[in-house]
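*Asks:* structure for this input, please:
(2 chains)
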Number of protein chains: 2
Amino acid sequence: MNAWSVGLLLCLAAWPCLGQQQTPAKAAAEWRKQHEAVILQEFTTLLAIPNVAADKANLQRNAEALVTMLTARHVAAQLLTIPDAPPLVFGEIKTAGAKRTIVFYAHYDGQPVTPSDWEGGEPFKPVFREVNGEQRIYARSASDDKAAIMAQLTALDALQDAHIPLRANIKFIWEGEEEAGSPHLEALLRAHHDLIQGDVYLICDGPVDQSRQQTIAFGARGDTHLEITVYGPRRELHSGHYGNWAPNPALMLAQLLAGMKDSEGHVLIPHFYDGVAGLNETEKRAIAEAPVNDSALREELWLGHVEGGGKRLLELLNLPTLNINGMSAGRTGPRANNVIPATAMADLDLRLVVGVDWRVQQQRVIDYVSAQGYTVVDHEPNQETLLKNAKVAFVKRDSGYNAVKTSMDLPISEDVIQAVQSAHKPVIKLPTIGGSVPLEGIGRAAGTHTITIPIANHDNNQHSSNENIRVQNLWDGIETMAALLAMQ
Amino acid sequence: MNAWSVGLLLCLAAWPCLGQQQTPAKAAAEWRKQHEAVILQEFTTLLAIPNVAADKANLQRNAEALVTMLTARHVAAQLLTIPDAPPLVFGEIKTAGAKRTIVFYAHYDGQPVTPSDWEGGEPFKPVFREVNGEQRIYARSASDDKAAIMAQLTALDALQDAHIPLRANIKFIWEGEEEAGSPHLEALLRAHHDLIQGDVYLICDGPVDQSRQQTIAFGARGDTHLEITVYGPRRELHSGHYGNWAPNPALMLAQLLAGMKDSEGHVLIPHFYDGVAGLNETEKRAIAEAPVNDSALREELWLGHVEGGGKRLLELLNLPTLNINGMSAGRTGPRANNVIPATAMADLDLRLVVGVDWRVQQQRVIDYVSAQGYTVVDHEPNQETLLKNAKVAFVKRDSGYNAVKTSMDLPISEDVIQAVQSAHKPVIKLPTIGGSVPLEGIGRAAGTHTITIPIANHDNNQHSSNENIRVQNLWDGIETMAALLAMQ
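*Replies:* Numbers count the residues shown, from 1 in each chain, chains lettered A, B, ... in the order given. This is a model prediction of the structure:
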């Protein structure tokens, strides 16, 4: 009998037996107010462990720290492993008489960092800063996605302290490879098939709506990448001695990319939107009910124009995207030289919606590159290939995953909405978040539904330097997680 | 009476009095063969002094070392200075009875370096490597332009050792700011007007023809730069949460640059070629007589196609260029993130020919940017500017200088050709080099002609990482310089 079973015994009828004052969310808020310093200390200690994909030793340290943190909360915890993948942190609370198993997914790895781009230069030294009168914590993964983990752990503390028993079986599945596109998640889940079953996976990742209201998303876009390299001269050339004669790969790349979209952001690559599944009535209504943040966002982001031909941001998230993550050739700014660069490179990410497979979408882009006169190769081209072809593009295909969407009309969907509404009102319901989480693999491996419950602030610099969490979002998230942990 | 006057006394009739075996070039070759180790030691010691523009202390060290090296050759040497500029190294040999003053120009500063891009990572630690059976020295400025300085100094040693007297007054003017576009050269020359007069400035800079034959160029293209920054969101955004809505500045930049040239490299910016002075008959003949290296170069550079619509490289050098030196947005390769970058930047260099002023050419490009719907500003735009305008481009204008061309038919031109031919045959004569040297300012300040005598190998990675000099080019250059030092 574990601590959670004891909790159940103490209040046999579970939390509806408590006075109205003692909902899980309110208990969480009370607990948090009395323990802010301790919570933040535990959180910043976790943030201080570097968590980039290249640093396997520290990823392992993160995973082990999380097992310790779960165990301290009387949660049976272990690391699930397969070769070549960071471990999956797995925690489980079995609840007597439970009818459902709720799985809380989050990830403990973070995006790559370029320390020199960070204020202070140390992405793993958490720093508190006040922004417009609000406290924020700056560190890699402060938002994406260690905040979600911290909210879940703190919600457990609060429920236990308030003797609010759980009613469902609870599982925690915290991944260590999400920012790399979760290449091993499905295999990890399949390898531990007996452990990872559940009635719903709650994907605790991503930001809430820009209005700062609690958001529930019933899907996420898929994602894949292409890295395109085009070739000029074999070595950088003096731009004076060869200008007008040696082709400049930066210009070639510019010309290649320029035609991919029109000035409204509409992708011009043939068939790019083929297969896109439309929105049903519930989804359209949910979007219509959501706050319109577009003008405020334009102001906040200093945007003199936006794409989409007048459509709202929330609508546009339901379409696939083609985005240039990065583009480089030669050097710019103080490091610029008078050269014709040897190569030019662009990293594209393709966000996907239901109905568009990531492999098909990659191929559409590659076909477009070919149609522009490029010989497309899947490896660094050699002398012969470069000499024989006027234009050569090396296109490196990343792996990817498809979009997933859960119906808003399912009983589990309605119960999740109700639980979250017990913590915050109003709740914004979205057919999809714009971001991507590898829900497809979860769906396949666990045979279950996924619903996304983000808690981070939208302006968190996720994926960039100076990532941060607004402390109030962490506090609100603890309440949300408490409500979900206590649901039936 | 200095050492050089003594030399004159020893052989009153100067070098034509010597046996045919003892031309200046042959004396230089003899001397070099017997002193290779010492020459290379002195050269690599010079190359080991860092010489990038940002490192003023080391630029000063370079200048002082050069004064010492001149003084050791009995050349009266001093530093000419004005505020805010690296010193000009000035050396002078007065020759009794001289009818002409020949000025040897070179520069001791080098292009910026990115050490991590260099094999070995240390651009100022000269390394000998064998490439295709030929010795080369790798270091910043090994070719551009300390090799020319070393060739001149060694030629002095050889002439002195062989008691070959000088017949003209000789001056050395070695600049410390050429790679920054010589912003203070004209002012420096004007400030020391009495010292810097001469009948011709021999610009000892740049590479010889790709056939490796000694080259004389009677002009150089002008050069100027524009740095263009375009703006997306104020901060990098998660590409999932804002893709399709927030404009991507990388794509905007690609679209802006793409239209500047056609696929043959012809610049499409209106009026770009207006005013270009054509070639006269002597110039056309000189180009026709020069070796055709285009096919060999394509092979060497792995180029499956070249620009120019079938024209030869040597012809194309007589047209202005628009080149993308560098282009950047977000990050690429292993450092890429899923973001919509906040800005995208391109560094352009504009090479100029006689008849096209650099300020006019800058304006033509800026007018083109405006015509694409951009509000062009000359400073970092603020929130108000970005919110008020759909597309904003911050265009930073660099300074610049115009192209210069000296007639091949002048007596001094013919004498220089003859002197160089006494060292090497055949000699390739070009109306212009493709590269740029600030000849315009020299012409204005010194009221004289300029003729360019390069000695470096064409495949020297000038302006890039792994810059090098082929040792044989240094040896050949010593002979060329000896012939020119001894000319009447």
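
*Asks:* would you agree A:Leu88 is in contact with A:Glu178?
*Replies:* No: in this structure A:Leu88 lies outside contact range of A:Glu178 using CB atoms under 8 Å: 10.8 Å. All C-beta atoms are positioned from the backbone trio N, CA, C, and that covers glycine.

*Asks:* A:Leu153 and A:Leu70 touch, don't they?
*Replies:* Yes: here A:Leu153 reaches A:Leu70: they are 7.4 Å apart, a contact under CB under 8 Å.

*Asks:* need the overlap of contacts for those two.
*Replies:* Here A:Leu153 and A:Leu70 have no joint contacts, going by CB atoms under 8 Å, 6 or more residues apart in numbering or on different chains.

*Asks:* show me what the longest helix seen in chain A packs onto, helices and strands only.
*Replies:* Assignment by DSSP state H gives helix A:24-47 as the longest helix of chain A. If contacts are counted by 3 or more CB pairs under 8 Å, 6 or more residues apart in numbering or on different chains; DSSP states H and E, helix A:24-47 sits against helix A:56-72, strand A:134-138, helix A:146-161, helix A:411-423, helix A:471-485.

*Asks:* contact partners of that helix?
*Replies:* A:15, A:62, A:65-66, A:69, A:124, A:126, A:137, A:139-142, A:146-147, A:149-150, A:153-155, A:157-159, A:161-162, A:164, A:422-424, A:471, A:474-475, A:478-483, A:485-486.

*Asks:* between helix A:411-423 and that helix, find me the angle.
*Replies:* Here helix A:24-47 runs at an angle of 90 degrees relative to helix A:411-423 (axes from the mean of the first three to the mean of the last three CA atoms, to 10 degrees).

*Asks:* mean confidence for helix A:24-47?
*Replies:* For helix A:24-47, the mean pLDDT works out to 97.

*Asks:* and what of stretch A:128-137?
*Replies:* Mean pLDDT, stretch A:128-137: 95.

*Asks:* ditto for stretch A:105-120
*Replies:* 95.

*Asks:* now it: buried residues?
*Replies:* Of all the residues in stretch A:105-120, those buried under the rule 16 or more other CB atoms under 10 Å in any protein chain shown are A:105-113, A:118.

*Asks:* closest one to A:Asp398 among the helices and strands packed on helix A:24-47?
*Replies:* helix A:56-72 (19.6 Å; CB to CB).

*Asks:* list the buried residues for the helix or strand just after that closest one?
*Replies:* Counting by DSSP states H and E, the next helix or strand C-terminal to helix A:56-72 is strand A:76-80. Residues A:77-78, A:80 are the ones in strand A:76-80 that count as buried (16+ other CB under 10 Å).

*Asks:* so where's the longest strand in chain A?
*Replies:* strand A:219-231 (DSSP state E).

*Asks:* what does the very next helix or strand once past it rub up against?
*Replies:* Going down the chain from strand A:219-231, the next helix or strand is strand A:237-238, by DSSP H and E. With CB under 8 Å, 6+ apart as the test, strand A:237-238 has contacts from A:246, A:338-340, B:207, B:301, B:434-435, B:462-464.

*Asks:* using pLDDT, spot the least trustworthy of those residues.
*Replies:* Out of the contacts of strand A:237-238, that is B:His463, at 81.

*Asks:* so which strand or helix has it?
*Replies:* Going by DSSP H and E, B:His463 is not in any helix or strand.

*Asks:* ok, now which ones touch it?
*Replies:* Applying CB under 8 Å, 6+ apart, the residues near B:His463 are A:236, A:238-239, A:337-339, B:111, B:144.

*Asks:* mind redoing it with 10 Å?
*Replies:* B:His463 makes contact with A:236-241, A:337-340, B:110-112, B:140, B:143-144, B:179, B:325, B:435, according to CB atoms under 10 Å, 6 or more residues apart in numbering or on different chains.

*Asks:* just A:Asn62 next, same as before
*Replies:* A:46-47, A:49-51, A:55, A:86-87, A:89, A:108-110, A:141, A:146, A:149, A:174, A:176.
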